[in-house]
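1. generate coordinates for the sequence data below:
(one chain, ligands or ions: 2)
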Amino acid sequence: MAGASVKVAVRVRPFSARESSRQAKCVIQMRGNTTCITNPKLPKDGTKHFTFDYSYWSHTSEEDPNFASQRRVYQDIGEEMLAHAFEGYNVCILAYGQTGAGKSYTMMGRQEPGQRGIIPQLCEDLFARMAREGSPELSFSVEVSYLEIYCERVRDLLNPKSRGGLRVREHPLLGPYVQDLSRLAVASFADIADLMDSGNKARTVAATNMNETSSRSHAVFSIVFSQRRQDPLSELATEKVSRISLVDLAGSERADASGAKGIRLKEGANINKSLTTLGKVISALAEATSKKKKPEFIPYRDSVLTWLLKENLGGNSRTAMIAALSPADCSYEETLSTLRYADRTKQIRCHAVINEDPNARLIRELRREVTRLRELLSAQGLTDPSLTSSAPPSTAPPTLNGDPGLEPPLGPTEAMERLQETEKIIAELNETWEEKLRRTEALRLEREALLAEMGVALREDGGTVGVFSPKKTPHLVNLNEDPLMSECLLYHIKDGVTRVGRVDVDIKLSGPSIQDQHCLFRSCPDPSSGEAVVTLEPCEGAETYVNGKQVTEPVVLKSGNRLILGQNHVFRFTHPEQARRQREQGASPGPPLDWNLAQRELLEQQGIDMRLHRLQELQNQPQGDKEGSEQTQPPEVPACPEPPPCPGPGCRPLPVPSVPSVVPSGPRRAGRREPLRVYQIPQRRRGPGTSSSSSSSSSSSPAPRVSTEPSLEPAPRLREEEEKDEGGEQVSEVEGLRLHLDRLAGILSEVRRQNSAKDEQIRALRDRVGQMERVIPIPLDDADDADPPPQDAPRDPSPCCPRPRADPPSPPGAAAARLCRLMEQDPAFRRGRLRWLRQEQARLMAGGGPQPLLQPPRRPPRFQQDPKLRFPFKSNPQHRLAWAGGAGDAPQAENSPLPSLQPPPHSGRPRRGSLDGGSPPPPRVRRQRSAPDLKARGQIP
Ligand code: ADP
Ligand code: MG
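-> Numbers count the residues shown, from 1 in each chain. Ligands and ions are numbered 1, 2, ... in the order given. Reported below is the predicted structural model:
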């Protein structure tokens, strides 16, 4: 098939509860396929327009005729891609966008009717169509794999033995692939749904145990769809194989490929190399398309994700991207960046081909490869020569797309490894369907056994997957920051004692701060009602929190309580009977009892921010994805996307501490927040405009003179901190005020220190000015300049006597009088003296020192306001006359040997002194911002 562009859709979600509670404004509008985004700071002329294949307005509800439902998104994109899969093309759908923008909702969706995303709908449709079109001549098979890429490591989500870290290899025939990734045979949509559920559970368990940030991982759900047609006449079989890749990318908020947001850079923030590289790959491909030339170099190999999706990005695939947008004004920058990203992506052209009989061809070519490798090994005397087949020696193997393999010669170890690998691939390809099903079933049992061993509850039918909720037994349900991972693990609390910890327990947890024996739940029937009463008993030293409060003594749990064990295992306790009774009594539902609530309580009560802690850990990890990529991304904690939640209706208001950003100090372990600084003393004062706070505060005042002034402005704070403040911290007022006072005292002493430093500088400046004034009066005589300097130029640095003038001279000594006489009468002396004066002036002017501090570049020099003092025209009546007439500065400028002494435009007002009145000119004193001194010397009336 000829090249087709990547299909690009954008979709805007409704406001989240948090955005609504903050009265967020919608910055997105859509008309037809066009999406407009308005800069909230420039609402009049800050609108940008983008056109895509589809612009989905999901900001409102079904009642809105323009509303784009899950179904419509699937019908436009999913159905088309499924049709291509039936034609035999590889297809790929990618979801891109910042965390919380709706990627997972679009791809996976929710369980409720009408809320399912593209993946379940596509899978369901796939099986429905297979059932419709299947016949004795046409048979289908579907295999599924599900992997996650986190910090450049690949984890098989369907194989319980996978610990993450599968190798991504490149086979000369297959191209890049994940070694040992399980590919499970499925016979129905229910099978696929079960696998998706299992995969999501595995992802949740791993993310929680490993303390990972799920929004930083990419999930790739792949379906290998084969159609086998048997021609009844010729009895020849043809096969078409399509790979359907459904990718839920990591949150894009810190991985802007453009790198345009440099101000948010912070050390070690290159959290997601795969996403960064994806941006580079897309840019390179888009550029190649726009210039209509073959791309020279596409950095596919720079990350695991791009390497695995190589064919889907500009290769043999029909690809679509859905960019999820947040509507809120606070996410404007991220949303604009997503739109630009999507705009670049639509330029990419892919070159899909129908994959006909790839397996038969692949097996043929793999066999030839095996023969070649055996020959190579036997030539090196490494294998039994009997292994060598009688087939003619082959040359380098061709790749699947027919290019000759350009392989470097293989060493014996590599050849042996390759041989084993190729034989394994052949065996897998030759596996019968029954064998595949058996392997799939074995893995399912292993997965469920592992979950059961961890204490994850079983359904009545024995399975662990699917949504189920016990009717009577009290239980814990997991809560996660990512809605996709929330409420998918369930743990029963049995009658008697249920132990929790690492070793010899009923509920097995791992991760930071989980002890071998962490806590236990005791469930005993209440003697009066017979209802089970569940008590949580923490073990000594175990971190256990109930509703944000750390508990060290046994506590009776109530249905709906939030429990945090260790640093990141978050649960909701549910007592079905209690919950039912509460419902019957008409208790108001209150805010959602979710991860956000649990996190906010923890922050309020303990000052612990789980998200921040995880990010810090992530940034400190010495992992592959942090090396090498120059596009470091801002580490700022996810912006608007759904961190600490909206309190929601009915939630009690947060206490506002008197010093909102101060957390009680004291011993804290890693992961606890340090007390936030209220004020800061910057090392260097920012220039105007470098930050909004400094620009606003300094806009009305002149530019700062000294670069070390203390700032009493609030320190710029991370959004995270602001959110934290909003969450409110339970800091006692006294403690807060004490901290506040300490800080103010610190600032005061710093101000004193800096003031005395400034006094020193001013003293030094005065001395220098004094020196300069002694040598500054320079008569400008062009004729003198042209003459060669006399050999006997005086070296005497004594002050030059000014020419006769109206004002009485300052007390001259005898030497000064002699100097005057010589200057008047001896031209050679005069030339020499002038030359020396100029040199001296130049030396002092170039001397550096504190002068720039006194006069920042943007500030107009003060002497421009007082031209009288600056222009020593006395010696040249022509100049004086020209100046007095308000013209003639051009010739002066040309003639002046010292550019710094050029006259400014005439101010028009009568000047003091005698220049305008024809009386003797004033002394030609070159004033260097030293009016006070001149006044002191009586030179200014
Ligand atoms: P992401 O995967 O991009 O981080 P999610 O898909 O998890 O974001 O979405 C965040 C929240 O917003 C979820 O609670 C989800 O249900 C909700 N959401 C996202 N998109 C929509 C939409 N189009 N309609 C309704 N709710 C949505
Ligand atoms: Mg998601």
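
2. now the residue of the stretch 401-550 of the chain found nearest ligand 1: closest residue in space, sequence neighbours ignored.
-> Going by CB to the nearest ligand atom, ligand 1 is nearest to Pro483 of the stretch 401-550 of the chain, at 4.1 Å. Every C-beta, even on glycine, is put in place using the N, C-alpha and C of the backbone. Excluding its sequence neighbours, the residue lying closest to Pro483 (CB to CB, 6 or more residues apart in numbering) is Ser104, at 7.1 Å.

3. looking at this structure, which helix is longest?
-> Longest helix in the chain, counting residues (DSSP state H): helix 733-775.

4. what is it packed up against?
-> helix 827-846, helix 851-854, helix 931-936 (3 or more CB pairs under 8 Å, 6 or more residues apart in numbering; DSSP states H and E).

5. could I have the host helix or strand of Phe573 exported to CSV, CA atoms only?
-> When elements are defined using DSSP states H and E, Phe573 is found to belong to strand 569-574. The C-alpha coordinates for strand 569-574 follow below in CSV (Å, rounded to 0.1, in the frame of the first residue of the first chain):
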residue,chain,number,x,y,z
HIS,A,569,0.6,0.5,50.2
VAL,A,570,-2.7,2.2,50.4
PHE,A,571,-6.0,0.4,51.1
ARG,A,572,-9.6,1.1,51.9
PHE,A,573,-11.1,-1.0,54.5
THR,A,574,-14.6,-2.2,53.7
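
6. what pairs with it, parallel or antiparallel?
-> Using DSSP bridges, strand 569-574 pairs in its sheet with strand 475-478 (antiparallel), strand 562-565 (antiparallel).

7. hmm, who's touching it?
-> 208, 469, 474-480, 487, 491, 509, 511, 514, 534, 557-565, 593-595, 598-599, 610 (CB atoms under 8 Å, 6 or more residues apart in numbering).

8. of all the residues in the stretch 201-350 of the chain, which ones are close to ligand 1?
-> Ser215, Gly251, Ala324 (CB under 6 Å from any ligand atom).

9. scratch that, the chain
-> So the chain meets ligand 1 at 13-14, 16, 58, 97, 99-105, 215, 251, 324, 483-484 (CB under 6 Å from any ligand atom).

10. before we move on, back to that, so which of the residues of the stretch 201-350 of the chain next to ligand 1 is the most crowded?
-> Top of these by neighbour number is Ala324, holding 31 neighbours under the definition other CB atoms under 10 Å.

11. can you tell me, leaving aside adjacent residues, what's nearest to that residue?
-> Going by CB to CB, 6+ apart, Ala324 has Gly97 as its nearest residue, at 3.3 Å.

12. check contacts around the one you found.
-> Counting by CB under 8 Å, 6+ apart, Gly97 has contacts Lys103, Leu249, Gly251, Ser252, Ala323, Ala324, Leu325, Ser326, Thr338.

13. at 6 Å what do you get?
-> Lys103, Ser252, Ala323, Ala324, Thr338 (CB atoms under 6 Å, 6 or more residues apart in numbering).

14. show me what the strand or helix carrying the last one is packed against.
-> Yep, that's Thr338 we're talking about. Counting by DSSP H and E, the element that carries Thr338 is helix 332-345. Using 3 or more CB pairs under 6 Å, 6 or more residues apart in numbering; DSSP states H and E, the elements in contact with helix 332-345 are strand 7-12, helix 273-290, strand 318-325.
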